[in-house]
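> here you go, sequence then predicted model.
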Amino acid sequence: MTPFAAKVREIRKARGISQKEMAEALGVSPAYLSALEHGHRSPPNWVMVQKIIGYLNVIWDEADELQRLAELSHPRVVIDTAGLSPRATALANLVAQRIGEFSEADLLRIEDVLNEMLASKP
């Protein structure tokens, strides 16, 4: 499941809305919405994200978060290391091959370290 999918599902369930109801209101099939919520589809385009935000009638902060999560939710990530160092290529491959072995706590720690490192960059 993608971060976007998890958030949409959380909001939808909290409001007692079925996938069928939401799909009908958005003009998509229930199968499409189910695949989106399970991370089997690429994140929706900007227009569909706006429809989802409008349908769920979320507040401004949640709308921004949904938009941000949609941008971070492609289920099949490709990392192009052409022109980068051998270490960069090795790291990208290691993560790709072993990402499923990390616990949620491990992933949070890795994310925190990366964000800290990126925050210190000019």
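Thanks, I have the structure now. Numbering: from 1, shown residues only.

> let me see the domain layout of the chain.
As given by automatic domain parsing, the domain ranges for the chain are 3-71, 86-119.

> could you pick out the longest helix of the chain?
The longest helix of the chain (DSSP state H) is helix 104-119.

> show residues contacting it.
Contacts with helix 104-119, where a contact means C-beta atoms under 8 Å, 6 or more residues apart in numbering, come from residue 102. Using the backbone N, CA and C atoms, a C-beta is placed for each residue, glycine as well.

> residue 21 - how many residues pack around it?
15 (other C-beta atoms under 10 Å).

> repeat for residue 7
Residue 7 has 21 nearby residues by other C-beta under 10 Å.

> same thing with the one 5 residues further on?
By the measure other C-beta under 10 Å, the count of residues near residue 12 is 19.

> counting contacts, what elements does the helix or strand containing it pack onto?
Taking DSSP states H and E as the definition, residue 12 sits inside helix 3-14. Applying 3 or more C-beta pairs under 8 Å, 6 or more residues apart in numbering; DSSP states H and E, one finds that helix 3-14 contacts helix 30-37, helix 46-56, helix 60-71.

> now the domains of the chain as CSV including mean pLDDT?
Compiled in CSV, the domains of the chain are given as follows (pLDDT from 0 to 100):
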stretch, mean pLDDT
domain 3-71, 92
domain 86-119, 94
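
> wait, which of those domains is closest to residue 79?
In terms of C-beta to C-beta, the element of the domains of the chain nearest to residue 79 is domain 86-119, at 4.4 Å.

> what are the buried residues along the closest one?
Buried residues in domain 86-119, counted by 16 or more other C-beta atoms under 10 Å: residue 92.

> equivalent analysis for stretch 2-12, please.
2, 3, 4, 5, 7, 8, 9, 11, 12.

> ditto for stretch 65-78
Buried, per 16+ other C-beta under 10 Å, within stretch 65-78: 65, 66, 69, 70, 73.

> which residue, other than its chain neighbours, is closest to the first one?
When you say that, I think you mean residue 65. residue 7 (6.8 Å; C-beta to C-beta, 6 or more residues apart in numbering).

> which SS state does the residue most central in space within the chain fall under?
By C-alpha atoms, centre = their mean, the mean C-alpha position of the chain lies nearest to residue 73, the distance being 2.5 Å. Classification of residue 73 by DSSP: H, G, I helix; E, B strand; the rest coil places it in coil.
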